[in-house]
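In: build me a structure from this.
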Amino acid sequence: MSADSSEALSEALATALAAGEPAALVALSEARGSTPRAAGTAMLVMPERVAGTIGGGTYEWSGIARARALLAAGEAEAILRRPLGPETGQCCGGHVTLVIHRADAGTLAALRASEAESAARAPLVMIYGAGHVGRALALALDPLPLRTRIIDDRPEEIARVSGARVARIVGSASAAAEAALPGAAHVVVTHSHALDSLICASLLEANTFAYLGLIGSATKRATFLGAFRAMGLDEAALARLVCPIGGTRVRDKRPAVIAALAAAELLAALAS
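Out: Numbering: from 1, shown residues only. So this is what the prediction gives:
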């Protein structure tokens, strides 16, 4: 049984239990064929509200209704099986099994453990620079299944970063790059081209990154690559440098737009 960390089901359940509000956990235990969500997805149902989603549509509504009936009747557990075909107003063609049980302190402990495990497995994204684009990207990544860290040596800029799950680090971005874990994704958006170059050179030399994106233009990319070649950095590593971030099809330089495009690019890179 697991739940999306972004949905924070444990927080919702902790609030409900503290208030004496009954709650039921609806877990998608089996998903065969084409289904809106994968097995292991869960949502929390209370008499007047719902936290999380198992995919929406008719089968989610059925799960909510059955969970509320369970709470009203004082039942402990129920199982609901649904084909996702024309008879239920859906055309996915799959089949789902929902396990519904009344939530208690044990459920809360299991949810917290599951969410912690999911968070530990999530890909790491390092953002270097807490300026306009860095802050916008941190906010865009916050609800996604990623571990996001943003680094800047300016405390006043780090203090402006939004995102409940974003780790804010006041310190040296170049030092953080040197100590970066293999397999992480990196987005370089500092206020200094010299610092950008230093960070990228360090990451390119190690060449253990899953993604390396640099904010800038085609001219900046060409200038940086020329300098990196003069340093003798590996050509295969240089070919992996993404600049500009977010691609060139949408020519909109507003930070929120750049962040949205870069977030999609990061997800695609990490998924592959």
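In: helices of the stretch 151-272 of the chain, start to end?
Out: Shown for the stretch 151-272 of the chain, the helices assigned by DSSP state H, counting those that start in this stretch span residues 155-158, 173-178, 193-206, 218-230, 235-238, 255-271.
In: these: which one's closest to A38?
Out: helix 255-271 (14.0 Å; CB to CB). Any C-beta I mention is one placed from the backbone N, CA and C, and that applies to glycine too.
In: how about the closest one: buried residues?
Out: Neighbour-count burial for helix 255-271, counted by 16 or more other CB atoms under 10 Å, picks out 255, 258-263, 265-267, 269-270.
In: want to try a markdown table for these, with pLDDT and distance to V96 as columns?
Out: Compiled in a markdown table, the buried residues of helix 255-271 are given as follows (pLDDT from 0 to 100; distance: CB to CB, whole Å):
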| residue | pLDDT | distance to V96 |
| --- | --- | --- |
| P255 | 96 | 40 |
| I258 | 96 | 38 |
| A259 | 97 | 34 |
| A260 | 97 | 31 |
| L261 | 97 | 34 |
| A262 | 97 | 34 |
| A263 | 97 | 29 |
| E265 | 96 | 32 |
| L266 | 96 | 30 |
| L267 | 95 | 25 |
| A269 | 94 | 31 |
| L270 | 93 | 27 |
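In: could these go into JSON lines alongside distance to G226?
Out: Below are the buried residues of helix 255-271 laid out as JSON lines (distance: CB to CB, whole Å):
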{"residue": "P255", "distance to G226": "28"}
{"residue": "I258", "distance to G226": "24"}
{"residue": "A259", "distance to G226": "28"}
{"residue": "A260", "distance to G226": "30"}
{"residue": "L261", "distance to G226": "26"}
{"residue": "A262", "distance to G226": "24"}
{"residue": "A263", "distance to G226": "29"}
{"residue": "E265", "distance to G226": "24"}
{"residue": "L266", "distance to G226": "26"}
{"residue": "L267", "distance to G226": "31"}
{"residue": "A269", "distance to G226": "25"}
{"residue": "L270", "distance to G226": "29"}
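In: between the residues you listed, which is closest to G52?
Out: L267 (20.2 Å).
In: for the residue lying closest to that closest one once chain neighbours are set aside, which three-state class applies?
Out: Distances taken as CB to CB, 6 or more residues apart in numbering put L144 closest to L267, at 6.8 Å, once the chain neighbours are dropped. Secondary structure for L144, judged by DSSP: H, G, I helix; E, B strand; the rest coil, is coil.
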